[in-house]
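In: The following comprises the amino acid sequence and a computationally predicted model.
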Amino acid sequence: MNRTLPGVLKIQFPDAQTSPVVFDSPHSGTEYPDDFGYAAPEQLVRLGEDTFVHELFAAVPGHGAVLLEALFPRTYIDPNRTVSDMDPDLLSETWPGELAPGVKTEAGIGLIWRIAQPGVPMYDRKLTVAEVEARIDGYHQPYQQALTEAANRVRERFGAVWHVNCHSMPAVSDERSPEGPGHRRPDFCIGDRDGTTCDGEFTELVVETLRGLGYQTTVNDPYKGVELVRMIGDPANSRHSLQIEINRGLHINEATKDKTSGFAPLQADLGTLAAVICDYARGKVNG
């Protein structure tokens, strides 16, 4: 069963929810709103996409878990940021609420992206408070609410929930990256915010499964996880959340956004990973 909010999100529910797991892909959206109004070249704007990540996890509902995906691009507004993580210099007016720009905003990729790529501004104008509020109300909040509600329903039904936040990363870092420019990335990076958002056993399960499939996998290096894993993860209350970053070089041509020959085998391996996670979580609650 699917539920779609046009242009905003799609949720795929399993025919029978047999596993207490929710997967989400907040950055793979490719439906660009008409009012985006970016000035940067489209090819550079699209480099922000986690293109096809939701497709890589297409097997998830078949294993009895939920799959949520954003349909809008993260460069328009990023559901993996707090509302306060915004650059006031982007605005033509004073923001009516509190702002707390963080390191992502300082790098130009906060709630509303200031740059498409280093040295290339996203806009040739300032944004009004009204248009930013419309993005928050129409896209950002509905996505975060859908994820929260899905996780809460699973937690209420099973007594626990495991959340997997799915992303992709450029094969080589740039100036905005935590490790600085020019570093080749591992195949996968698993982030649990230094062990604060899930039980270490869950992180170890994912890491060892991926390594067993032949992938170079790191933990919290270079990415630890941002708002969505922080928002859902509370292991003391049986809410376990981690982030998966996939090296884009494994499955797409980063310049053209086309799938490569590596897409199908990676999709199959991530289907295996989804099965392992769902079986693990099912075993935990059925105990």
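Out: Perfect, I can see it now. Since this is a predicted model, take the numbers as computed values, not measurements. Residues are numbered from 1 along each chain as shown.
In: switch to C-alpha atoms for all contacts and neighbour counts from now on
Out: OK.
In: So for residue 135, what's the nearest residue that isn't a sequence neighbour?
Out: The shortest distance from residue 135 to any non-neighbouring residue, by CA to CA, 6 or more residues apart in numbering, is to residue 77 (6.6 Å).
In: Could you tell me which residues make contact with the one you found?
Out: Counting by CA atoms under 8 Å, 6 or more residues apart in numbering, residue 77 touches 111-113, 135-136, 139-140.
In: mind running it again at 10 Å?
Out: Going by CA atoms under 10 Å, 6 or more residues apart in numbering, residue 77 touches 27, 36, 83, 109-113, 132, 135-136, 139-140.
In: now do residue 251
Out: Neighbours of residue 251 in contact, by CA under 10 Å, 6+ apart: 51-53, 56, 168, 257-267.
In: so of those, which ones are in strands?
Out: The strands, defined by DSSP state E, take in residue 168 from these.
In: For PyMOL, what selects the buried ones among the contacts of residue 251?
Out: To isolate the buried members of the contacts of residue 251 in PyMOL, using 16 or more other CA atoms under 10 Å:
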select buried, resi 51+52+53+56+168+257+259+263+266+267
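In: quick one: the residue nearest to residue 135 is in a helix?
Out: No: with DSSP: H, G, I helix; E, B strand; the rest coil as the criterion, residue 77 is coil rather than part of a helix.
In: And it, its phi and psi?
Out: The phi and psi values for residue 77, taken as degrees, to the nearest 10, are phi -160, psi 140.
In: Just the helices from the stretch 51-200 of the chain, written as ranges.
Out: 53-56, 103-106, 129-135, 141-158, 200-212 (DSSP state H, counting those that start in this stretch).
In: about what we covered before: got the contacts of residue 77 as a markdown table, with neighbour count columns?
Out: Below are those laid out as a markdown table (neighbours: other CA atoms under 10 Å):
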| residue | neighbour count |
| --- | --- |
| 27 | 27 |
| 36 | 14 |
| 83 | 21 |
| 109 | 25 |
| 110 | 27 |
| 111 | 27 |
| 112 | 25 |
| 113 | 25 |
| 132 | 18 |
| 135 | 18 |
| 136 | 19 |
| 139 | 23 |
| 140 | 26 |
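In: I'd like these written out as JSON lines, with distance to residue 6 and pLDDT added.
Out: Shown next, in JSON lines, are these (distance: CA to CA, whole Å; pLDDT from 0 to 100):
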{"residue": "27", "distance to residue 6": "16", "pLDDT": "98"}
{"residue": "36", "distance to residue 6": "16", "pLDDT": "98"}
{"residue": "83", "distance to residue 6": "22", "pLDDT": "97"}
{"residue": "109", "distance to residue 6": "25", "pLDDT": "95"}
{"residue": "110", "distance to residue 6": "24", "pLDDT": "96"}
{"residue": "111", "distance to residue 6": "21", "pLDDT": "98"}
{"residue": "112", "distance to residue 6": "21", "pLDDT": "97"}
{"residue": "113", "distance to residue 6": "23", "pLDDT": "97"}
{"residue": "132", "distance to residue 6": "19", "pLDDT": "98"}
{"residue": "135", "distance to residue 6": "14", "pLDDT": "98"}
{"residue": "136", "distance to residue 6": "16", "pLDDT": "98"}
{"residue": "139", "distance to residue 6": "10", "pLDDT": "98"}
{"residue": "140", "distance to residue 6": "14", "pLDDT": "98"}
